[in-house]
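Participant: only geometry, no sequence info:
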Ligand SMILES: NC(=O)c1ccc[n+]([C@@H]2O[C@H](COP(=O)([O-])OP(=O)(O)OC[C@H]3O[C@@H](n4cnc5c(N)ncnc54)[C@H](OP(=O)(O)O)[C@@H]3O)[C@@H](O)[C@H]2O)c1
């Protein structure tokens, strides 16, 4: 059974929201390397004990991919069991029109950086017959007010399908599509969900569904209320 032995797990965007909730869930059993754009000093107090940390700003996609590979090696790992490429950003398009800057930033951080990171991490994952997990969104099907974000997540969906086929037999590739969760992402994006926020899932519950979906290696997987109400946060395989 997957999860029987400690795994070497890299999580991008591991200093906040879903990435941090997933890290906290896995920290007791597994070895973790987290990444973010903030400095080590800024995140030191919130990281789970024993977790490593590497600075990788997706705003520079090429450099972020190189930083992650270097971070894995510097942490003393010669392979990876899981890479969870979770960091993401988004901006509300005022009047339905994204600024050029917002489009570039969203596609760089959510799509281009992830593509380059996936390529760069492939040899490390192949060595361990590992799993590459891309964190998409239910918005990949299209969502009003966040067109660039929706496009970036649709891109991840296509990327995961292509790599899952291309790298079949070497590593598992999957895309997970969370529904709305109570993280800081909406504030950062300039979106006020108002009373709807009460209906968003708790990060801890989404993280439990993420861990279970990662262990099962299926793709694509939607992590929404439907899955939650079917026991998605409490049952299923554990990573
Ligand atoms: N929350 C939701 O409702 C929801 C729904 C569907 C999908 N998702 C996806 O879930 C993932 C995690 O989001 P979240 O809700 O946990 O939001 P979050 O709390 O804002 O976490 C996002 C993470 O990505 C990092 N990040 C943003 N821009 C970056 C950059 N340029 N370079 C490196 N790291 C960067 C953030 O770093 P900082 O702390 O420095 O900002 C943070 O660690 C994202 O891919 C998001 O699209 C979220």
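Facilitator: Arrived safely, thanks for sending. These figures come from a predicted structure and were not determined experimentally.

Participant: what about residue 15, how many neighbours?
Facilitator: Counted with other CB atoms under 10 Å, residues neighbouring residue 15 total 22. All C-beta atoms are positioned from the backbone trio N, CA, C, and that covers glycine.

Participant: Quick one: residues contacting it.
Facilitator: By CB atoms under 8 Å, 6 or more residues apart in numbering, residue 15 lies in contact with 34, 36, 38, 43, 46-47, 53.

Participant: residue boundaries of the strands in this structure?
Facilitator: For the chain, the strands defined by DSSP state E cover 8-12, 31-36, 52-55, 82-85, 131-135, 172-178, 221-223.

Participant: which residues sit against the third one?
Facilitator: Counting by CB under 8 Å, 6+ apart, the neighbours of strand 52-55 from elsewhere in the structure are 14-15, 32-40, 43-44, 47, 67-68, 70-72, 74-75.

Participant: can it be found next to the ligand?
Facilitator: No. Between strand 52-55 and the ligand, judged by CB under 6 Å from any ligand atom, nothing touches; the nearest distance is 8.6 Å.

Participant: in its sheet, what does that strand sit against?
Facilitator: strand 31-36 (parallel) (DSSP bridges).

Participant: again with the first one
Facilitator: The pairing partners recorded for strand 8-12 under DSSP bridges are strand 31-36 (parallel), strand 82-85 (parallel).

Participant: To the ligand, which of the ones you listed lies closest?
Facilitator: strand 31-36 (4.8 Å; CB to the nearest ligand atom).

Participant: And that closest one, how far out from the chain middle?
Facilitator: Offset of strand 31-36 from its chain centre (CA atoms, centre = their mean, to the nearest Å): 12 Å.
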